[in-house]
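S.K.: Here is a sequence together with a model predicted from it:
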Amino acid sequence: MYKLIVLTDPDTADGFGLAGVTVQVADSPEDARRKLAALIDDDDSGIVAVNEAFMVDIDERTQQKINQSYRPIVISLPIREQLATEEDHRAYLSRLIRRAIGFDITLRRG
(Lines give C-alpha, C1' and ligand atoms only; values in the text may rest on other atoms or scores of the structure.)
Protein backbone atom coordinates (compact mmCIF):
# COMPACT_ATOMS: atom_id res chain seq x y z
CA MET A 1 0.00 0.00 0.00
CA TYR A 2 1.29 3.41 -0.96
CA LYS A 3 1.78 6.12 1.64
CA LEU A 4 0.70 9.73 1.92
CA ILE A 5 3.78 11.65 2.98
CA VAL A 6 3.96 15.32 3.90
CA LEU A 7 7.25 17.16 3.40
CA THR A 8 7.11 20.37 5.38
CA ASP A 9 8.90 22.74 7.74
CA PRO A 10 9.31 22.13 11.49
CA ASP A 11 6.53 24.66 12.33
CA THR A 12 3.77 22.70 10.60
CA ALA A 13 5.10 19.16 10.96
CA ASP A 14 3.51 18.46 14.34
CA GLY A 15 0.00 19.18 13.09
CA PHE A 16 0.30 16.68 10.26
CA GLY A 17 1.89 14.17 12.60
CA LEU A 18 -1.02 14.49 15.02
CA ALA A 19 -3.38 13.78 12.12
CA GLY A 20 -1.59 10.48 11.58
CA VAL A 21 0.21 11.39 8.38
CA THR A 22 3.78 10.30 7.74
CA VAL A 23 5.85 13.49 7.92
CA GLN A 24 9.32 14.35 6.74
CA VAL A 25 10.71 17.60 8.12
CA ALA A 26 12.98 19.79 6.01
CA ASP A 27 14.97 22.54 7.69
CA SER A 28 15.86 24.36 4.46
CA PRO A 29 14.96 24.42 0.76
CA GLU A 30 18.12 22.43 0.00
CA ASP A 31 17.15 19.81 2.58
CA ALA A 32 13.66 19.70 1.02
CA ARG A 33 15.12 19.15 -2.47
CA ARG A 34 17.18 16.20 -1.25
CA LYS A 35 14.28 14.65 0.64
CA LEU A 36 11.83 15.16 -2.24
CA ALA A 37 14.23 13.48 -4.67
CA ALA A 38 14.46 10.49 -2.31
CA LEU A 39 10.67 10.35 -1.89
CA ILE A 40 10.13 10.40 -5.66
CA ASP A 41 12.39 7.37 -6.00
CA ASP A 42 10.82 5.56 -3.01
CA ASP A 43 8.51 2.74 -4.13
CA ASP A 44 6.27 3.23 -1.07
CA SER A 45 5.42 6.86 -1.90
CA GLY A 46 1.92 7.28 -3.32
CA ILE A 47 1.18 10.95 -2.70
CA VAL A 48 3.80 13.44 -1.58
CA ALA A 49 2.42 16.74 -0.31
CA VAL A 50 5.12 19.40 -0.20
CA ASN A 51 5.03 22.73 1.59
CA GLU A 52 4.57 25.24 -1.23
CA ALA A 53 7.46 27.36 0.02
CA PHE A 54 9.76 24.46 -0.78
CA MET A 55 8.20 23.81 -4.20
CA VAL A 56 9.36 27.24 -5.38
CA ASP A 57 12.98 26.14 -5.04
CA ILE A 58 12.66 22.76 -6.77
CA ASP A 59 15.19 22.47 -9.58
CA GLU A 60 14.10 21.95 -13.18
CA ARG A 61 15.30 18.35 -13.36
CA THR A 62 13.23 17.32 -10.33
CA GLN A 63 10.22 19.23 -11.68
CA GLN A 64 10.47 17.35 -14.99
CA LYS A 65 10.70 14.07 -13.13
CA ILE A 66 7.54 15.00 -11.18
CA ASN A 67 5.71 15.96 -14.38
CA GLN A 68 6.66 12.75 -16.20
CA SER A 69 5.97 10.33 -13.36
CA TYR A 70 2.56 8.83 -12.65
CA ARG A 71 3.55 7.91 -9.09
CA PRO A 72 4.10 9.37 -6.66
CA ILE A 73 1.70 12.22 -7.20
CA VAL A 74 3.41 15.36 -5.91
CA ILE A 75 1.17 18.22 -4.78
CA SER A 76 1.96 21.49 -3.08
CA LEU A 77 0.44 22.55 0.20
CA PRO A 78 -0.57 26.18 0.67
CA ILE A 79 1.35 28.03 3.34
CA ARG A 80 -0.24 30.35 5.82
CA GLU A 81 1.39 33.56 4.58
CA GLN A 82 -0.08 33.21 1.09
CA LEU A 83 -3.63 32.87 2.35
CA ALA A 84 -3.53 35.98 4.55
CA THR A 85 -5.74 38.22 2.37
CA GLU A 86 -9.00 37.30 0.70
CA GLU A 87 -7.86 38.52 -2.74
CA ASP A 88 -4.73 36.39 -2.61
CA HIS A 89 -6.81 33.47 -1.35
CA ARG A 90 -9.13 33.58 -4.38
CA ALA A 91 -6.29 33.89 -6.86
CA TYR A 92 -4.45 31.07 -5.19
CA LEU A 93 -7.48 28.77 -5.23
CA SER A 94 -8.16 29.61 -8.87
CA ARG A 95 -4.59 28.70 -9.75
CA LEU A 96 -4.85 25.39 -7.86
CA ILE A 97 -8.12 24.50 -9.60
CA ARG A 98 -6.75 25.43 -13.03
CA ARG A 99 -3.69 23.27 -12.44
CA ALA A 100 -5.78 20.33 -11.16
CA ILE A 101 -8.54 20.26 -13.79
CA GLY A 102 -7.17 22.39 -16.62
CA PHE A 103 -9.98 24.98 -16.59
CA ASP A 104 -10.38 28.47 -15.18
CA ILE A 105 -13.23 28.76 -12.71
CA THR A 106 -14.34 32.10 -11.28
CA LEU A 107 -14.85 31.97 -7.54
CA ARG A 108 -17.53 34.30 -6.18
CA ARG A 109 -18.64 34.80 -2.64
CA GLY A 110 -22.27 33.73 -2.17
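M.R.: Received it, and whenever you're ready, just let me know what you need. All values derive from a computational prediction rather than experimental measurement. Residues are numbered from 1 along each chain as shown.

S.K.: CA only for contacts and neighbour counts going forward, please
M.R.: Noted.

S.K.: I'd like the distance between the nearest residue to residue 75 once chain neighbours are set aside and residue 105.
M.R.: Residue nearest to residue 75 in three dimensions, not counting chain neighbours: residue 49, with 4.9 Å by CA to CA, 6 or more residues apart in numbering. For residue 49, the distance to residue 105 (CA to CA, to the nearest Å) stands at 23 Å.

S.K.: Of the two, give the one with the bigger neighbour count.
M.R.: Legend: neighbour count by other CA atoms under 10 Å for residue 49 and residue 105, higher for residue 49 (21 against 12).

S.K.: Which residues are in contact with the more buried one?
M.R.: By CA atoms under 8 Å, 6 or more residues apart in numbering, residue 49 lies in contact with 4-7, 74-77.

S.K.: In a strand, it, correct?
M.R.: Yes. In this structure, residue 49 lies within a strand as judged by DSSP: H, G, I helix; E, B strand; the rest coil.

S.K.: Apart from its chain neighbours, what residue comes closest to residue 10?
M.R.: When the adjacent residues along the chain are set aside, residue 10 lies closest to residue 25, with 5.8 Å between them (CA to CA, 6+ apart).
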